[in-house]
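S.K.: Sequence plus the predicted model coming up.
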Amino acid sequence: MSKLYTILFSFCILSFNAKAQWVPYVKISPNGINTTLNENMGRCLAVSGDTVHVVWRDKHTAGAAIYYTRSADTGHTWSTPVAITDTNGEADFPTIAVVGSTVHIAWRDSTILGHSSSFYRRSLDGGNTWGSKFCLDSNTLFWPGIAAHDSFVVVALNKGTFGNTYVSFRRSLNNGTTWDTVVNHIST
């Protein structure tokens, strides 16, 4: 797994005559020590209108947490990063989806239940406040993936034992308020 010590993003700004220009790097994880993105290239960056949303994992001596920040002005300025998970836990593989002002985040965490499990959390106000954690699956081997459209949210999960894994998913038809009770297997 490739480790990133600083998460840096540059954003393309279009000028009035439609010529693209790159702005300087902006460090959005100011206190990050050992930051990483989703190993499986899960979406860690999402855009809705002029707002850019980013999630990442930061590992400290006390544990690893998932952090979130946003820019409401196409990447010029950034909010103070917020810990989505317990900063003394062992969370990893964050992924994000955004529809309008609703931000959906899924990740894997081994602290809450004592073994790897997938969790979900959402913000209904563009990342200002966050709802409770929801356990999507209590036995996840690897990274979750997430996608959303209107009020439909789906999370792909990688389950099984080492050497024999399969893909399953859970869905919400009401913007993450409730989830199907069954974890649906879509591969063997």
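M.R.: Right, received. Where do you want to start?
S.K.: From the centroid of this protein, which residue is nearest?
M.R.: residue 95 (2.8 Å; CA atoms, centre = their mean).
S.K.: Surely that residue and residue 54 touch.
M.R.: No. Contact criterion CB atoms under 8 Å: residue 95 and residue 54 do not qualify, at 11.5 Å. The way it works is simple: take the backbone N, C-alpha and C, and place the C-beta from them, glycine included.
S.K.: what's the overlap in contacts for those two?
M.R.: Counting by CB atoms under 8 Å, 6 or more residues apart in numbering, the shared contacts of residue 95 and residue 54 are residue 44.
S.K.: hmm, back to that, the residue nearest to the centre of the chain in helix, strand or coil?
M.R.: strand (DSSP: H, G, I helix; E, B strand; the rest coil).
S.K.: Not including adjacent chain positions, what is the nearest residue to it?
M.R.: residue 42 (3.6 Å; CB to CB, 6 or more residues apart in numbering).
S.K.: Could you give me the buried positions within stretch 120-140?
M.R.: 120-124, 126-127, 130, 133-134, 136-137, 140 (16 or more other CB atoms under 10 Å).
S.K.: should've said stretch 98-114
M.R.: Buried, per 16+ other CB under 10 Å, within stretch 98-114: 98-99, 102-109, 111-112.
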